[in-house]
Each structure stands twice: as C-alpha cells, then as structure tokens.
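A.B. asks: Quick one, fold the following:
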Amino acid sequence: MQLRPAVLLLAAALAAAPAVSPGALVDGQVAVVNGRAITFSEVVREVPLHAEALRAEGAAPADAEALFRAAFRRALDEAENRELVLQKYEQGEMRLPEHAIDRFAAETLQTRHAGNLQELQRQLAARGETYAEWREGLQKQMIVMSMRQTFVDGHAAVSPNEIAAAYEARRAEFSRPARMHLRVVSVPAADTNAVAAFAARLAAGEDFGAVAADLAPGQDGDYGFVGGDNALAPLFMDAAAALADGGAAGPLELAGKAYFLHRIESEGAKTIPLAEAWETLRSDLLAARRRELFRAWTGHLRAAASIRETLPWKE
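C.D. replies: You can find the predicted model right below:
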C-alpha cells in the first residue's frame, strides 16, 4: 500500500477530529496477525482517541504528522492485541450467547444514541459502516472484555501493605493546605461615589451581600475556598489573611477596578487519613496492576504469534 505525503497530512489533521471517515483515505493492509489482515481504515478510526490520550499525557509530538504516526502506532498495537485475544477466544470452548450480544447492542444504542436507531444508521452510513458491522464490533468488544476478565482482571490483587505504601508515597495528594472561603466583587475605580459608598456601608456593619447587590449588581463573586495551588492574586490573599472570618476589606485597586472582599469562613490544613483514601488508592493500584497483567498477557500472545506489518512509512 502506498500513501502519498498529502494523504498522511490529511490523516494527521483528521486525528484531531471527533470522527474519521475511512472512505476519505486510501485503504489497505497494514498488518497480518496469524494470517488475518488488519486494514488501515480499521486502525485509523481509532487514531483520534489515541491522539487525545497522547495530548493528555503530555507526550504528543508538536508536528501533526508525527502525532498521527504516534497515535496510529498505538492504535495498531491495540488492534493487533485485540486480534490476538479474539483468536484465543476462537481456540477455546467458551462462547457468548447471542441474547447477551443483543442485550449489549440494545444497551449501547440506548446509552450512546438515546435509543434512536435511525440516527445510529445515519452515522454508520456516513462512515461507510453497516449495522451488521457495528454489531460485530460490539460482539468483539464483549469478547475482549470477557477474555480480559477471565485471563487478566480476575487475577489482579493488591495487598494492604501496597496500599499503605502508596499512601505514604502520595501523601501530598491527600494533604490540603489551610484555605479561606472568599467572596470578591468590584466596582469601577473611577466611580468614586460607588467606591466610597461601598466602603462606608461595610464600615457601618452592613451585610456584604446586601451592599454588593446594591452597588455591584449581577456579580456573584463567590470564589469558594481558596488557598495553596488554588490561590487568588497576592493582593487579595494578603488582605484576606489579615481578616477574621466574617470580616471584609477594601477598596483594593487593581487594573482600574476597586475590589471589596469578604472572608466568609476558613479551614485549617488537613490531611485525609489512610482509611478515607483507602478505596481511591486500592482502585488506582488495581487499575495499574490490571494494565501490567494485560501487557504481560498480550506480550505472551505476541511472542507466540506471527505478526507482519506493512506500514506506509519507516519507524
């Protein structure tokens, strides 16, 4: 299969799109797994998801074509692993009943397409896919999930000692700095009458919310709890730190505006105890362990397989 550079650039641009139309690209065989072919269009429709994952991980190349190739590599590896899992399923005796596949298809139609079969068929037609092919894809998903549960997820376990060690290693994540609940509103600094009136009414002991509603209408100004990494400008944090809970300060001038702030309440620094963090840590460790086991399992399958790739570029 030959792909011109212009086609590769088109594919790279499509990697950022929500959907890819396989018919818009040159198709062909990119891998053969134990004699079964995997096509370019089969892989490229998954490229946007992998491109987004690379961006989220901070591992996305800046060059569009390089990003496409990196995402395509991940998508191809996933397609090859999926094919190996499906072949192992075919070699065994376990079979998913048709009614389970039908139920999964109905649930998917309901959750992803609001039960609108016509809309699903329209989307499928737009990308050159039939309902039967869509259902077959769901069947493969079910098979892979079932096989993974049998051969991988069911064997994943973490010990209490591992959870405790993870808590110590990640203690900073479960520590919260002292913080203040602040409300900040502003009026134009040039409106000296409004600034003076706001300050005078606060000094007279009026409710901050009532004054703000009169002199700064339409401003909510509630910043919630701030502190640590979630801090406001030093001008506001320093003024708030000098207040007691319930106190107000201002005017504080910044960029042509006069700000008034209200320290509603405060909370001291807090560390979430291990008992409260237990389930979060256990879930994270189990997910990581399952990924490790899946890589090991598919690595074993790959080692025993015949995989030949015919990519249109050199890696």
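A.B. asks: low-scoring stretches of this structure, by residue?
C.D. replies: Within the chain, the ranges that satisfy pLDDT under 70 run 1-27.
A.B. asks: show me where it has strands.
C.D. replies: Remark: strands assigned in the chain by DSSP state E are 29-33, 36-39, 175-176, 179-188, 222-226, 248-254, 257-267, 270-271, 307-309.
A.B. asks: domain ranges for the chain?
C.D. replies: 5-156+293-309, 178-268 (automatic domain parsing).
A.B. asks: which residue is nearest the middle of the chain?
C.D. replies: The chain has Ala56 as the residue nearest its centroid, 7.3 Å off, counting by C-alpha atoms, centre = their mean.
A.B. asks: what about that one, distance to Leu49?
C.D. replies: Here Ala56 is placed at a distance of 11 Å from Leu49 (C-beta to C-beta, to the nearest Å). (Glycine included, C-beta is placed from N, CA and C.)
A.B. asks: Now do the contacts for the spatially closest residue to Ala249 that is not a sequence neighbour.
C.D. replies: What sits nearest to Ala249 in space, not counting adjacent residues and going by C-beta to C-beta, 6 or more residues apart in numbering, is Ala239, at 4.5 Å. Counting by C-beta atoms under 8 Å, 6 or more residues apart in numbering, Ala239 makes contact with Ala249, Gly250, Leu252, Leu261.
A.B. asks: Residues in a beta bridge with the last one, which ones?
C.D. replies: This points to Leu261. Counting by DSSP bridges, Leu261 forms beta bridges with Val184, Ala249.
A.B. asks: So which residues of this structure form helices?
C.D. replies: Here the chain has its helices, by DSSP state H, at 5-14, 40-44, 47-57, 64-91, 98-113, 117-126, 131-151, 160-169, 192-203, 208-215, 234-241, 274-303.
A.B. asks: Out of those, the one nearest Glu267 is which?
C.D. replies: Between Glu267 and the helices of the chain, the tightest spacing by C-beta to C-beta is seen for helix 234-241, at 13.2 Å.
A.B. asks: how about the closest one: buried residues?
C.D. replies: Residues of helix 234-241 classed as buried under the neighbour-count rule (16 or more other C-beta atoms under 10 Å) are Phe236, Met237, Ala239, Ala240.
A.B. asks: With adjacent residues omitted, what lies nearest to the second one?
C.D. replies: With C-beta to C-beta, 6+ apart as the criterion, Met237 has its nearest non-adjacent residue at 5.5 Å, and that residue is Ala231.
A.B. asks: from what I can see the one you found touches Ala240, true?
C.D. replies: No - with contact defined as C-beta atoms under 8 Å, Ala231 does not reach Ala240; the gap is 10.0 Å.
A.B. asks: circling back to that earlier point, distance to Leu286 for the domains of the chain - can I get that in CSV?
C.D. replies: Output for the domains of the chain, formatted as CSV (distance: least, C-beta to C-beta, whole Å):
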stretch, distance to Leu286
domain 5-156+293-309, 6
domain 178-268, 28
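A.B. asks: Many thanks, have a good one.
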